[in-house]
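# Predicted model follows, preceded by the sequence.
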Amino acid sequence: MKGQVFEKVGVNISTVYGEFSEQFRNQIPGAEKNGKFWATGISVVSHMCNPFIPAAHMNTRFLITGEGSDKKIWFGGGGDLTPIFEDKNMSHIFHNGFKEICNKHNNSYYPKFKKWCDEYFYLKHRKEPRGIGGIFFDDLSSPDFNTCFALTRSVGEHFLIAYLPIVEKRRHTTFGEREKDFQGYRRGRYVEFNLVFDRGTLFGPVSYTHLRAHET
């Protein structure tokens, strides 16, 4: 999409299933014996027209591997912001929103998932973060299915609660060519992270030749 507020937004919903090859299945928990898997997820990425509104990312995912007593299930997800210009108040609003979400389920989640996000979205070769972070979690299966599902669902449902107030507050901020040029420069860092460090990007090329799957 391309509009007056949202310049480019991608929303991807995918469900894949199949079998990993014998060479690859030992790298995936639960798939060691027969290689079977089923996975589904939702991903949202938004880049804004106004450089004073940060880019945003959110995703949730659910995976099942193996069968019977060997079956394993886990959840993953999170959300983060990549502002063009530093704004401490904006960062406070966003992080407080996710903190409230996490605390409804477990007070230990937010500091753990925030730290995970800060470490994950970090450009190691440049020694700088991609943005201001948020929360990130993966391989979540404890203490039980219902608890993990409730948290993951909350991340998806409450992402807009944390993000939209920032959009509304910044959408009418004036900007010029200089700010747009800097926005393009910072977007380069965003792309750089996705190409070099993103787990999904790294997983894709490695697994492609070892994977037989159907996608809907």
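Received it, and whenever you're ready, just let me know what you need. Being a predicted model, the structure only gives us computed values, none of them experimental.
# part of a strand, is Gly30?
No: judged by DSSP: H, G, I helix; E, B strand; the rest coil, Gly30 forms no part of a strand; its state is coil.
# could you pull out the helices for the chain?
Per DSSP state H, the chain carries helices over the ranges 22-25, 88-103, 109-120, 145-170, 177-196, 199-208.
# so what pLDDT did Phe24 get?
For Phe24, the model assigns a pLDDT of 75.
# quick one: it and Cys148, what's the gap?
25 Å (CB to CB, to the nearest Å). Just so you know, the C-beta spots here come from the backbone N, C-alpha and C atoms, and that holds for glycine as well.
# Just want to know which of those two has more residues nearby.
Neighbours per residue (other CB atoms under 10 Å) separate Phe24 from Cys148, with Cys148 holding more: 20 against 16.
# what's the closest non-adjacent residue to Gln4?
Cys49 (6.3 Å; CB to CB, 6 or more residues apart in numbering).
# Count the neighbours of Glu119 for me.
The burial count for Glu119: 12, using other CB under 10 Å.
# List the residues that contact it.
By CB atoms under 8 Å, 6 or more residues apart in numbering, the contact set of Glu119 is empty.
# separation between it and Ile135?
12 Å.
# Asn146 now?
20 Å.
# Equivalent analysis for Val167, please.
19 Å.
# Those two: who's more crowded?
Using other CB under 10 Å as the criterion, Val167 and Ile135 rank with Ile135 on top: 27 against 17.
# Leaving out chain neighbours, which residue sits closest to the more buried one?
Ile135 sits nearest to Phe113 (CB to CB, 6+ apart), 3.8 Å away.
# Distance from the chain centre to stretch 100-112, please.
Taking CA atoms, centre = their mean, to the nearest Å, the mean C-alpha location of stretch 100-112 is offset from the chain mean by 17 Å.
# Can you give me the end-to-end span of that stretch?
One end of stretch 100-112 to the other measures 14 Å (CA to CA, to the nearest Å).
# average model confidence for that stretch?
Here the average pLDDT along stretch 100-112 is 94.
# What lies in contact with it?
So stretch 100-112 is contacted by 98-99, 113, 135, 137, 147, 150-151, 154-155, 158, 162 (CB under 8 Å, 6+ apart).
# before we move on, back to that, next, format the helices of the chain as TSV and append distance to Lys72.
Converted to TSV, the helices of the chain look like this (distance: least, CB to CB, whole Å):
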stretch	distance to Lys72
helix 22-25	12
helix 88-103	24
helix 109-120	20
helix 145-170	12
helix 177-196	27
helix 199-208	17
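# among the ones you listed, which gets the worst mean confidence?
It's helix 199-208: among the helices of the chain, that one has the lowest mean pLDDT, namely a mean of 47.
# Count the neighbours of Gly176 for me.
Gly176 has 8 nearby residues by other CB under 10 Å.
# Next up, phi/psi of it, please.
Phi and psi for Gly176, reported as degrees, to the nearest 10, are phi -130, psi -160.
# Who are the contact partners of it?
Here Gly176 is in contact with no residue (CB under 8 Å, 6+ apart).
# distance of it from Pro51?
9 Å.
# ok, now Thr174?
Taking CB to CB, one finds Thr174 at 11 Å from Pro51.
# if you count what's nearby, which of the two comes out ahead?
Set side by side, Thr174 and Pro51 show more neighbours around Pro51, with 22 against 7, by other CB under 10 Å.
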